[in-house]
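K.L.:
return a 3D structure for these sequence lines:
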Amino acid sequence: MRHFVYRATFAALVLAAALPLARAAHDDWWEVRSPNFVVVSNAGEKRAIKTAFVFEQVRSVFRQSIPFAAKLPSPVMTVLAVKNEDSMRMLLPEYWVKGHMRPAGYFTSGLGQLYAAVQLDAQGENPYSTTYHEYYHSLTIPYFPNLPLWVAEGLADFYGNTQIEGKSAGIGYPSQGHLEELKGGGFIPLDQLFLVDTNSPYYNEDSKSSMFYAESWALTHYLLIGNSGAHRQMLVEYLTALDNGASQKEASAKAFGSVPKLQDALISYIHDRVFYYTNYAVDSKVSEADFHTRPLSDAEAEAYEGGFLAARGRSEEAESRLNDALKQEPQFALSYQNLAIAEERAGHIDEALASISKAIELDPNSGLARYMRAYLSFRSGTVMTENLELEGDLRLAIAAMPNFAPAYSLLALRLAASPENNSEALEMAKKAVELQPGSSVAQLALAQVLARMNKFDDAQRAALRARAESRNAVEKQQVASFLVDLKEVREQVGEAETEIASGRLSFRGAQTDSGAESDASDLEEATGIVTKGTCEIGGPKLELTTESGALTLHAPISGGIQVLSNNLPAGFNPCNSLTGAQVHVRYAPAASGDSTGTLQQIEVLRFAGPAAGGSATSSGESDGSFDASAKPGEHTSIKGKVTDLTCTGTELRITILARGRKFELRARDYSRIVLRQETPSESGDFTLCVDLLGRHAIITALVADQQPYYGDILGIAVGQ
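P.N.:
Take a look at the predicted model:
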């Protein structure tokens, strides 16, 4: 229902237009913090303050055009306001080559941060129109990701040409560049314009895209304020029809009537000598008392510049700039935070984790740094473990940034890894969608939580919304993979528990979200070498070379991959610790029949190098020693005798005596434990809660943090 409500506000966005018609030397760098912007400038304190005021006014104008978004805070944007062209060239050197346009404004974003760069002495009708255009997109896309492309770009150009003079805002100024393009011919028929999407040549080819932008702006201008706003209701009806499921052809026919007549009217409008614009007083509701200014050192200015480069994906340049800043001032947290972004963009996740941890050490109250560490932990596969630091970081991030949707989505996924947290996980996922209803990432996180709660119909609906709102190929692929996994899990639900007896090995299939286990007869097995291990949100992706060829395996949506080894090294996780290892895997093959599938179990036969706490052999034997230095969240193996055992419901608690020391261990759901049975029980069938007592065993566990037991049981290999 919420999804329908926010989608129905497309039309409200239009009604809001009903307004009255009418590398330089770091010698003087300043930081100005206003309620919604951080302005960093080398043009002096006064120019920095003025720039912050202008951006606050622009934000106020834009948000009045987006009633739904106006109810929620917008992300803080960092603006690098540089004094001249030489300073701009330091930030965007690749644009200062022969024949290339030299921008007076630039916008970029990444990892929850927004950046803009503006040249304060730039000339022209509105040198910041490109920056305003992209900033408008950043405010609308979280709520309206699927506006027809011509509407999205037309609105961004319409509002992007906003001009601020004192406390007055002029909206709808004609773009001379667009008018010259349109009067030059090559007009796109409107029935084609309505169908342009991000894959169209009209959007991607320079020779055609300039006409697409110009015509989208002109039609938006005509519908919003042409003829004293007489046509505005047509755009409202068009968007409403699309909201109600009409096709482009049906919506345009209902709202515009004869499209050829609309095209003739638009052409006449373009060639008219009179263009209206709206002009009104704007109050951003901020005063100088809300501004905080301070001079910056060279190192601090470099930290901001490095962050801008990192957000643009220019990781090598960013790292060089940030490392130089750290040499000058090694205690500036922002330098480490931005360095982490650069390292993440370069694919160096471990280095990024170290940098962001240092940033948090220097500034524990940074909500963005806390979120980034949690995000990087997900990227590294830490979500597979009981990582309390990850959860704590996300809760602190939410406390510091209560309207930051990505933190809620990640916390939802983290909590959903444990069934007892499903209720809170669902609450967090719904909050993320409430904050950013047009976010494919938020919708997919909600779908994943619902799937783990066995609410498969609701999960599919959320996933289909995520697919509709996907804005790039990565998001589309993530949703597609989820839908495939969801179908497989739904087919498995309700099947009876199955065991395979293979020699001395007793294997229980991986559980589905319902608590029923997969039919092990549907699983396939393979032995090979892991050639590449990477992390996706939710678990590992492994590429193996086997006797039968290459094999690519993904984590299941349930997150329930079982890892069996007598000797897991400290800090092990299945994402990045298995490259080069020999493994035996059990997996559900993909329905497509290609060499892919969904992981169910990984048995490590031999690591690529010596394992912590002992050296595993190809037969899986081990001396059973454990890593006494293992830290909370790390894996360890303990070999000894089970001296005490209790089962309550699905919970198992045992005491194992190893080398004169007793270890208390627990499993919340013992049916999920990977079980290796070396010898049968006297009755022939091994019952864990009865026959384990008094046996020698090797137990793989995840070391707990400040709990009354040593760790959580992952696997048990039972001996004599």
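
K.L.:
check the secondary structure at F275 for me.
P.N.:
coil (DSSP: H, G, I helix; E, B strand; the rest coil).

K.L.:
residues contacting it?
P.N.:
By CB atoms under 8 Å, 6 or more residues apart in numbering, the residues touching F275 are G172, P174, H221. All C-beta atoms are positioned from the backbone trio N, CA, C, and that covers glycine.

K.L.:
can you pull the contacts of the most centrally placed residue in the chain?
P.N.:
Of all residues in the chain, the one closest to the mean position by CA atoms, centre = their mean is V441, 6.0 Å from it. Applying CB under 8 Å, 6+ apart, we find V441 in contact with P406, S409, A466, E475.

K.L.:
likewise for V433?
P.N.:
With contacts defined as CB under 8 Å, 6+ apart, V433 is in contact with R2, A405, S439, A442, Q443, L446.

K.L.:
among those, which are in helices?
P.N.:
Using DSSP state H, the subset of these located in helices is R2, A405, A442, Q443, L446.

K.L.:
that older thread, wait, which of the contacts of F275 is closest to R294?
P.N.:
Closest approach to R294 among the contacts of F275 (CB to CB): G172, at 37.8 Å.

K.L.:
how many residues are close by that closest one?
P.N.:
When neighbours are defined as other CB atoms under 10 Å, G172 has 23 of them.

K.L.:
before we move on, the earlier item: buried subset of the contacts of V433?
P.N.:
For the contacts of V433, a burial check counting by 16 or more other CB atoms under 10 Å picks out A405, S439, A442, Q443, L446.

K.L.:
now the contacts of F275 as JSON lines including secondary structure and distance to A255?
P.N.:
Listed next are the contacts of F275 as JSON lines, based on DSSP: H, G, I helix; E, B strand; the rest coil; distance: CB to CB, whole Å:
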{"residue": "G172", "secondary structure": "coil", "distance to A255": "21"}
{"residue": "P174", "secondary structure": "coil", "distance to A255": "24"}
{"residue": "H221", "secondary structure": "helix", "distance to A255": "17"}
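
K.L.:
export the residues you listed as JSON lines, with columns for pLDDT and distance to P103.
P.N.:
Compiled in JSON lines, the contacts of F275 are given as follows (pLDDT from 0 to 100; distance: CB to CB, whole Å):
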{"residue": "G172", "pLDDT": "83", "distance to P103": "23"}
{"residue": "P174", "pLDDT": "82", "distance to P103": "21"}
{"residue": "H221", "pLDDT": "91", "distance to P103": "24"}
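
K.L.:
which SSE is the nearest residue to K254 once chain neighbours are set aside in?
P.N.:
Closest residue to K254 apart from its sequence neighbours, by CB to CB, 6 or more residues apart in numbering: A241 at 5.1 Å. Element membership of A241 [criterion: DSSP states H and E] is helix 232-243.

K.L.:
what helices and strands are in contact with that helix?
P.N.:
helix 10-15, helix 206-225, helix 248-256 (3 or more CB pairs under 8 Å, 6 or more residues apart in numbering; DSSP states H and E).

K.L.:
next, the buried residues of it.
P.N.:
Of all the residues in helix 232-243, those buried under the rule 16+ other CB under 10 Å are R232, M234, L235, V236, E237, Y238, L239, T240, A241, L242, D243.

K.L.:
mind checking the end-to-end distance for stretch 250-267?
P.N.:
For stretch 250-267, the separation between the terminal residues is 23 Å (CA to CA, to the nearest Å).

K.L.:
name the residues of that stretch that are buried.
P.N.:
The neighbour-count check on stretch 250-267 (16+ other CB under 10 Å) flags A251, S252, K254, A255, F256, V259, L262, Q263, A265, L266 as buried.

K.L.:
contacting residues around the fourth one?
P.N.:
Taking CB under 8 Å, 6+ apart as the contact definition, A255 lies against M234, L235, E237, Y238, A241.

K.L.:
skipping adjacent residues, who's closest to the first one in space?
P.N.:
Excluding the flanking residues, the one nearest M234 by CB to CB, 6+ apart is A255, at 5.1 Å.

K.L.:
okay if I get the buried residues of helix 232-243 as a markdown table plus pLDDT?
P.N.:
Shown next, in a markdown table, are the buried residues of helix 232-243 (pLDDT from 0 to 100):
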| residue | pLDDT |
| --- | --- |
| R232 | 88 |
| M234 | 91 |
| L235 | 89 |
| V236 | 87 |
| E237 | 89 |
| Y238 | 89 |
| L239 | 86 |
| T240 | 84 |
| A241 | 85 |
| L242 | 84 |
| D243 | 76 |
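
K.L.:
G44: which of the helices and strands packed on helix 232-243 is closest?
P.N.:
Of all those, helix 206-225 comes closest under CB to CB, at 35.2 Å.

K.L.:
do a quick rundown of the strands in the stretch 551-700 of the chain.
P.N.:
For the stretch 551-700 of the chain, the strands defined by DSSP state E, counting those that start in this stretch cover 562-564, 582-589, 596-606, 635-648, 651-658, 661-667, 674-677, 696-703.

K.L.:
chain center to the fifth one: distance?
P.N.:
So that's strand 651-658. Taking CA atoms, centre = their mean, to the nearest Å, the mean C-alpha location of strand 651-658 is offset from the chain mean by 39 Å.

K.L.:
who are the packing partners of that strand?
P.N.:
Contacts defined by 3+ CB pairs under 8 Å, 6+ apart place strand 651-658 against strand 635-648, strand 661-667, strand 696-703.

K.L.:
take the contacts of V441 and lay them out in CSV including neighbour count.
P.N.:
Putting the contacts of V441 into CSV (neighbours: other CB atoms under 10 Å) gives the following:
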residue, neighbour count
P406, 22
S409, 28
A466, 26
E475, 18
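
K.L.:
and L147, helix, strand or coil?
P.N.:
Under three-state DSSP, L147 falls in the coil class.

K.L.:
quick check: it vs K639, distance?
P.N.:
Look at L147 and K639: by CB to CB, to the nearest Å, they are 62 Å apart.

K.L.:
just the buried residues of stretch 346-359, please?
P.N.:
Residues of stretch 346-359 classed as buried by neighbour count (16+ other CB under 10 Å): A346, H348, I349, E351, A352, L353, S355, I356, S357, K358, A359.

K.L.:
isn't the first one up against S315?
P.N.:
Yes. Contact status for A346 versus S315: in contact at 4.0 Å, counting by CB atoms under 8 Å.

K.L.:
next structured bit after whichever strand or helix holds I341?
P.N.:
Using DSSP H and E, I341 sits within helix 333-345. Next in sequence after helix 333-345, counting helices and strands by DSSP H and E, comes helix 349-362.

K.L.:
number of nearby residues for V58?
P.N.:
For V58, the count of nearby residues is 24 (other CB under 10 Å).

K.L.:
got the contact list for it?
P.N.:
Going by CB under 8 Å, 6+ apart, V58 touches Y132, Y135, T162, I164, A169.

K.L.:
change it to 6 Å
P.N.:
For V58, the contact set (CB atoms under 6 Å, 6 or more residues apart in numbering) is empty.

K.L.:
next, it: secondary structure please.
P.N.:
From three-state DSSP, the assignment for V58 is helix.

K.L.:
tell me the pLDDT of it.
P.N.:
pLDDT recorded at V58 is 89.

K.L.:
could you check how far it is from S418?
P.N.:
According to CB to CB, V58 and S418 sit 45 Å apart.
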